[in-house]
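Undergrad: okay, here's the prediction I keep looking at, along with the sequence it came from:
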Amino acid sequence: MGTTQLESVPEPKYWHLKTVLSQALDSEFSVGEILPNERDLAARFGVARATLRQALEQLELEGRLQRRRGVGTTVAPPRMGVSLGTGPHVWPGGPDDAWQPVDCTTAVPPAAVAEVLETGPDEPVHIVRRSRVSHGRPVAAELLYVPQFSVPELSGIDAPSGAARARAVLRELQRPALERQENAVELGSAGADDAKELDRLPGAPVLVVTTRFVAAGRTAALSVATYRADTCRLTFGDAGGVEIHAGPQRKAS
C-alpha cells in the first residue's frame, strides 16, 4: 500500500479511505492475504484508527474483506453470483454442477418441505447434503430433498451411505425429464449448523435460495441452499445456475 496522506475531502474521510483501500486490494493483494495491522494502516494513511475501522467495516459489508478469528483481516474471495435467470433448467448433480456431495441420509423432512413434496407426514425422503467452495473456503451449503418416487431404481447395495450415496441419488435423479424449476430467495440468519459449515458466527446474514424441481407435473426435488451474504450477490439475466464473479464488472473463468 502507498503512504499518501488523505487531505480534506467533501465526502466522509472514512468513505474516501474505503475507496483508496479498495483500489489497493485490487492491485496489491491476493485472495486470502492478511492485511497489515490497524496501527500500521492508520499511520500510512494519516488517519485515526476509528476512521480506519469504519472503512474496514464498510469493505467487510461489501464482501471485500473477511475478519477471521485468530487470523486477522484478510482479502475475501470473489463474490459468488446467485443467478435467478431464465436460462436452461438442469437437474442438480449434472456434469457442470460445481456443488460437491458431502453426505446422504434418509429421514422424514420438515413439515414445510413435506408439504411441497406432497409426501406423507411420516414418509422418509433422501436428504443430500452438498457444499460449495470458492478459493478453498466454504461459501454455501445445501440440503436437497428427493422423494423416493423420484429415484425408484435407486439401490442401497452399492452405495449405502455417505458421499457415494449422495452421488447415486443425484445420478438417478437425472433420469426423468425436468419440466421446470422455480427459484425463490430470501434473507435469513445462519443457524448453528449452517454457521459451523460456512465458518460464520450463528446469526450471521445469509441468502437462502429455495429451488423446486418439477417433473411429471409434481415436485421431484427441493433444494434449500444457504449462501454467505458477504460472499455472494444476486444476478439477473438469461444464464441459469450459479456463477463465480471476479468483481462487479467481470466474470472469472
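TA: Cool, got the structure.

Undergrad: quick one, helices of the stretch 151-253 of the chain?
TA: Using DSSP state H, counting those that start in this stretch, the helices of the stretch 151-253 of the chain run over 162-173, 192-198.

Undergrad: most tightly packed of these?
TA: Ranked by mean neighbour count, the helices of the stretch 151-253 of the chain are led by helix 162-173 with a mean of 19 (mean count of other C-beta atoms under 10 Å). (Each C-beta comes from the backbone N, C-alpha and C, glycine too.)

Undergrad: kindly state the beta-bridge partners for residue 132.
TA: Per DSSP bridges, the residues bridged to residue 132 are residue 140.

Undergrad: what about it, distance to residue 221?
TA: Note on residue 132: its distance to residue 221, by C-beta to C-beta, to the nearest Å, is 17 Å.

Undergrad: cool, residue 181 as well?
TA: According to C-beta to C-beta, residue 181 stands 9 Å off from residue 221.

Undergrad: higher neighbour count, those two?
TA: Legend: neighbour count by other C-beta atoms under 10 Å for residue 181 and residue 221, higher for residue 221 (28 against 18).

Undergrad: do you know the pLDDT at the more buried one?
TA: pLDDT for residue 221: 97.

Undergrad: for residue 145, same thing?
TA: For residue 145, the predicted pLDDT is 98.

Undergrad: give me the angle between the helix or strand it falls within and helix 162-173.
TA: Assigned by DSSP states H and E, residue 145 belongs to strand 137-146. If you take axes from the mean of the first three to the mean of the last three C-alpha atoms, to 10 degrees, strand 137-146 sits at 50 degrees to helix 162-173.
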